[in-house]
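K.L.:
Dropping the sequence and predicted coords here.
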Amino acid sequence: MKSGNYKAGRVTLEHKRMYRVLTEEGEWLSVCSGSFQHEAVERRDFPAVGDWVVVERMPGEERGIIHAVLPRTSLFSRKAAGATIAEQLIAVNVDIVYLVMSMNDDFNSRRLERYLVAAYDSGATPVVVLTKKDLCDHPEIYMEEARGIALGADVYAISSVTGEGIEQVTELLKGGKTAALLGSSGVGKSSLVNAICGEGTMAVQGIREDDAKGRHTTTHRELIKIPSGGVLIDTPGMREFQLWNESESLDAGFKDIEELATSCRFSDCGHASEPGCAIQEALQSGALPEDRYASYVKLQKEIAFLERKTNRQAAVAERDKWKKVTKSMRKHPSKKK
């Protein structure tokens, strides 16, 4: 990079390859430099909300040019919605992922399992936040189910209306920590942001009374500073959540099944009809719910499919990269001495 007015800044907002970057001199609307874009191969190479970047201020303007993304401490992503095999970054440099679910008909155990696997894979700490406690007659039922899924993770029941549980959740962000909120539409993410940061921070919409499903409020990822210290990254509601190559983190989200597998008679047990299979014994006794094991197997297959697809795509991307290098070398041959 040539000499210039370079600063370290953090991406607070992303929209169609334009970014708002907060620096010690103010917030600048920024784009990636031409060389940055030329060298970028995949989605991970571009900035995301939460990234620390090297940004150059354009002379006389509140605008900037991003030259580099600094090393990340964590990365939370999913497979992009639809048939395309591509990664969608949700948030980076996150310490905590609040997995937000409401205590009503929209509570979904299978979705929570997916959230947990993705959170463990990101490198951040998952925390389950169950909302709308003031509207729930039996919150303990949802708490018990969530604890049975999120083994080892903290589970909080809160009400953004009465304020119950808000202080406990906010306390986790002390020391300048960054948290991302993940949940489907209408579960109360925006209300939670308002309860932590102050009313009016985020727009809030209600839920449909006929099926308890929410309307979209947040339409983009945004980094929000908390008055008491720390940072929140709010994300759009995601009802569809497909994992992205998290085979190593699958067992972390299903610790009970992983522990059972170690008790099988054979180390290469396929958990089908083999004698001495601890998983089959647990299924037959009811100790392991059939729907939970079915979800585990489904996620295994989903991740294996993605790995095959992405491995092929990586090979193609590598070939394209070296084609670009070779083409560039031909255009600019080194001068002979």
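P.N.:
Cool, the structure landed. Note that the structure is a prediction, hence the values are computed from the model and not measured. Residues are numbered from 1 along each chain as shown.
K.L.:
now the strands: where do they sit in the stretch 201-337 of the chain?
P.N.:
Here the stretch 201-337 of the chain has its strands, by DSSP state E, counting those that start in this stretch, at 222-225, 231-234.
K.L.:
and the end-to-end length of stretch 47-54?
P.N.:
11 Å (C-alpha to C-alpha, to the nearest Å).
K.L.:
Now it: average pLDDT?
P.N.:
Here stretch 47-54 scores 94 as its mean pLDDT.
K.L.:
Pull the distance from that stretch to the chain's centre.
P.N.:
From the chain centre to the centre of stretch 47-54 is a distance of 15 Å (C-alpha atoms, centre = their mean, to the nearest Å).
K.L.:
which sections of the stretch 151-300 of the chain are below the confidence cut-off?
P.N.:
199-220, 236-249 (pLDDT under 70).
K.L.:
which residues does residue 175 contact?
P.N.:
229, 230 (C-beta atoms under 8 Å, 6 or more residues apart in numbering). Where you see a C-beta, it was placed from the backbone N, CA and C, and this is true even at glycine.
K.L.:
mind running it again at 10 Å?
P.N.:
Neighbour list for residue 175: 95, 229, 230 [criterion: C-beta atoms under 10 Å, 6 or more residues apart in numbering].
K.L.:
Show me what the most centrally placed residue in the chain is bridged to.
P.N.:
In the chain, the residue lying closest to the centroid (C-alpha atoms, centre = their mean) is residue 76, at 3.4 Å. Counting by DSSP bridges, residue 76 is bridged to residue 91.
K.L.:
Same check on residue 223?
P.N.:
Under the criterion used (DSSP bridges), residue 223 bridges to residue 233.
K.L.:
okay, now it: neighbour count?
P.N.:
Neighbour count of residue 223, defined by other C-beta atoms under 10 Å: 22.
K.L.:
now residue 227
P.N.:
10.
K.L.:
Then residue 161?
P.N.:
Neighbours of residue 161 (other C-beta under 10 Å): 14.
K.L.:
Would you quantify the distance from the spatially closest residue to it that is not a sequence neighbour to residue 158?
P.N.:
Closest residue to residue 161 apart from its sequence neighbours, by C-beta to C-beta, 6 or more residues apart in numbering: residue 134 at 4.9 Å. Applying C-beta to C-beta, to the nearest Å, the value for residue 134 to residue 158 is 9 Å.
K.L.:
what do you get for residue 168?
P.N.:
Distance from residue 168 to residue 158, by C-beta to C-beta: 8 Å.
K.L.:
Same question for residue 148.
P.N.:
Remark: distance between residue 148 and residue 158 (C-beta to C-beta) = 19 Å.
K.L.:
do the same with residue 72
P.N.:
Counting by C-beta to C-beta, the gap from residue 72 to residue 158 is 29 Å.
K.L.:
Please identify which of residue 148 and residue 158 sits among more neighbours.
P.N.:
More crowded of residue 148 and residue 158, by other C-beta under 10 Å: residue 158, with 26 against 13.
K.L.:
residues contacting that one?
P.N.:
Each residue near residue 158 by C-beta under 10 Å, 6+ apart is listed here: 100, 103, 129-134, 139, 164-169, 188, 191-192, 195.
K.L.:
ok, 6 Å please
P.N.:
For residue 158, the contact set (C-beta atoms under 6 Å, 6 or more residues apart in numbering) comprises 131, 133, 165, 166.
K.L.:
circling back: between the contacts of residue 175, which is closest to residue 301?
P.N.:
Distance to residue 301, by C-beta to C-beta, is smallest for residue 95 among these, at 31.5 Å.
K.L.:
Which positions in whichever strand in the chain runs longest come out as buried?
P.N.:
Using DSSP state E, we find that the single longest strand of the chain is strand 6-15. Across strand 6-15, burial judged by 16 or more other C-beta atoms under 10 Å covers 6, 7, 9, 10, 11, 12, 13, 14.
K.L.:
quick one: strands adjacent to whatever helix or strand comes next after it?
P.N.:
As assigned by DSSP states H and E, the chain's next helix or strand after strand 6-15 is strand 18-23. Sheet pairing for strand 18-23, assigned by DSSP bridges, gives strand 6-15 (antiparallel), strand 26-32 (antiparallel).
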